[in-house]
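Peer 1: here's my sequence, what's the structure:
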Amino acid sequence: MGGSIALVQLTELKHQRMKQCAEFQQRSRWQPPYALTTALELQAIEIPRLPKGRAMLNGITVVVPSANERRNLVGINEVTWSFPVDVVMVEQCLCVSPACTWAMFAGWLNLEELIVLAESMMRRDGRLRRTTIEELTAYLDSAREFTEAVFEETGRRPNMFRGYANCRRALRVIQEGTDSSMETRTRLVPLKYGIDAPCVNYKIGVKRLNRAVYLDLAYPEYKICIEFDGGHHAGQWLEDARRRQAIEDEKWRYIQVTKLDLGDEWSEEALARRIADKIQEVTGIPVPVTARKTIQQVCDARAMRRKPLYERIGFEPLLPRVPNANADFPDADDLDGIA
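Peer 2: Alright, predicted model coming up:
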């Protein structure tokens, strides 16, 4: 368990930004589409880690179709976007849609943060689910179709937006239904070291709790789970300890991850080796940990076609990757407002 920004925090940020935007619209008598970080805040989507020196991504940001339409208002960041601008209404605020916002961010974010942002838009918690992989794909397709239409009309083919290729790469590894950005960053670690991708939010029945729970990340074929611990107050710590014991009682091997296991190559390699060691405990076969791959290499289409490890070593999976309905248990009810 554990996450990055709680639902209540995202909601508070949304209302603060909405108030600022309403004041801006009243003062300027202008209602442009809000873009980038402003669009994320208004739609209660967690902001990814921004590159240093990108101050223009702070404050109120709007989008205009061309430089000629800038108004150059004090305190307002205006970005140009010559591709289709899909919009949604958030109460009285016109926002760039999540899919279009994701595409716009591709020119600012590295590939890993682009994956993190996409998954932040597709949370398991329906209150924070803003888009789907199909909608992200559809927007990229519409941008490509737009360039084709311009070419047919003018004979000049415009360049695709900066980061378009990374968007296509990201779609190969993005998963819907995560609970936090740290969960996403954890999931990418084994992939960087040649280990199969874990499942996201795998549902199991837990007798001690008399209900079903979702494991943050899991290798059900080996009954190994990976849980991110974001650090909590004492009461939450006790609940997490109880949850861990209940999961281990179901004969799952448990790997606990904190922010100290992420963010630098040494720590992430150590985490990958912990995962490999757990798999070896189950299978009795050493699991190689490769040299660190870049995220671009992780997203390579050829890597996606590789057979899973259990097939390559002839191991009979302990559980299927698609969980059963756990009909004997009440449905999992532990979202706890994690973004």
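Peer 1: for L136, the count of nearby residues, please.
Peer 2: 22 (other Cβ atoms under 10 Å). Any C-beta I mention is one placed from the backbone N, CA and C, and that applies to glycine too.
Peer 1: quick one: residues contacting K251.
Peer 2: K223 (Cβ atoms under 8 Å, 6 or more residues apart in numbering).
Peer 1: tell me where the stretch 1-150 of the chain has helices.
Peer 2: Secondary structure of the stretch 1-150 of the chain (DSSP state H, counting those that start in this stretch): helices at 7-28, 36-42, 98-105, 111-120, 133-154.
Peer 1: switch these over to a markdown table; also include mean pLDDT and distance to A272.
Peer 2: Converted to a markdown table, the helices of the stretch 1-150 of the chain look like this (pLDDT from 0 to 100; distance: least, Cβ to Cβ, whole Å):
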| stretch | mean pLDDT | distance to A272 |
| --- | --- | --- |
| helix 7-28 | 93 | 31 |
| helix 36-42 | 96 | 31 |
| helix 98-105 | 98 | 28 |
| helix 111-120 | 97 | 15 |
| helix 133-154 | 95 | 26 |
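Peer 1: who wins for proximity to I174 among those?
Peer 2: helix 111-120 (4.8 Å; Cβ to Cβ).
Peer 1: other SSEs contacting the closest one?
Peer 2: With contacts taken as 3 or more Cβ pairs under 8 Å, 6 or more residues apart in numbering; DSSP states H and E, helix 111-120 sits against helix 98-105, helix 164-170, helix 181-192, helix 295-298.
Peer 1: contacts for that helix?
Peer 2: Contacts of helix 111-120 with the rest of the structure, by Cβ under 8 Å, 6+ apart, involve 45-46, 48-49, 102, 105-106, 109, 136, 163, 166-167, 169-170, 173-176, 178, 181, 184-185, 188, 295-296, 299, 339.
Peer 1: do the same with stretch 97-106
Peer 2: With Cβ under 8 Å, 6+ apart as the test, stretch 97-106 has contacts from 35-36, 39-40, 43, 45, 48, 63, 79, 81, 83-88, 95-96, 114, 117-118, 121, 130-131, 135-136, 138-140, 143, 161-164, 166-167.
Peer 1: now list the buried members of those.
Peer 2: Of the members of the contacts of stretch 97-106, the ones counted as buried by neighbours, 16 or more other Cβ atoms under 10 Å, are 35-36, 39-40, 43, 45, 48, 63, 79, 81, 83, 85-88, 95-96, 114, 117-118, 121, 130-131, 135-136, 139-140, 143, 161, 163-164, 166-167.
Peer 1: now the helix or strand bottoming out on mean pLDDT in the chain, how far from the centre of its chain.
Peer 2: Sorting the helices and strands of the chain by mean pLDDT, DSSP states H and E puts helix 301-304 at the bottom, at a mean of 79. In terms of Cα atoms, centre = their mean, to the nearest Å, the centre of helix 301-304 is set 20 Å apart from its chain centre.
Peer 1: skip ahead from that helix and say which helix or strand is next.
Peer 2: helix 309-312 (DSSP states H and E).
Peer 1: spit out the contact partners of the residue nearest to W30 when sequence neighbours are not counted.
Peer 2: Once flanking residues are discounted, W30 sits nearest to R71: 6.9 Å by Cβ to Cβ, 6 or more residues apart in numbering. Neighbouring residues of R71 by Cβ under 8 Å, 6+ apart: 28, 30, 78.
Peer 1: now swap in T137 and tell me
Peer 2: Counting by Cβ under 8 Å, 6+ apart, T137 has contacts L171.
Peer 1: mind checking how far it is from T290?
Peer 2: As for T137, its distance to T290 is 29 Å (criterion: Cβ to Cβ, to the nearest Å).
Peer 1: and the closest residue in space to Q31 that isn't next to it in sequence, how many neighbours does it have?
Peer 2: Ranked by Cβ to Cβ, 6+ apart and with sequence neighbours excluded, the top spatial neighbour of Q31 is Q25, at 5.3 Å. Counted with other Cβ under 10 Å, residues neighbouring Q25 total 15.
Peer 1: what separates Q25 from N58, distance-wise?
Peer 2: Separation of Q25 from N58 (Cβ to Cβ): 19 Å.
Peer 1: what does F315 give?
Peer 2: Taking Cβ to Cβ, one finds F315 at 50 Å from N58.
Peer 1: ok, the two, which is more surrounded?
Peer 2: A direct count of neighbours by other Cβ under 10 Å for F315 and N58 places F315 higher, at 17 against 13.
Peer 1: and the pLDDT at that one?
Peer 2: Per-residue pLDDT puts F315 at 96.
Peer 1: give me the nearest residue to it, chain neighbours excluded.
Peer 2: Using Cβ to Cβ, 6+ apart and skipping residues adjacent in sequence, the residue nearest F315 is T283, 5.1 Å away.
Peer 1: element containing Q280?
Peer 2: Going by DSSP H and E, Q280 is part of helix 265-283.
Peer 1: so how far is that helix off the chain centroid?
Peer 2: Averaging C-alpha positions (Cα atoms, centre = their mean) puts helix 265-283 23 Å from its chain's average.
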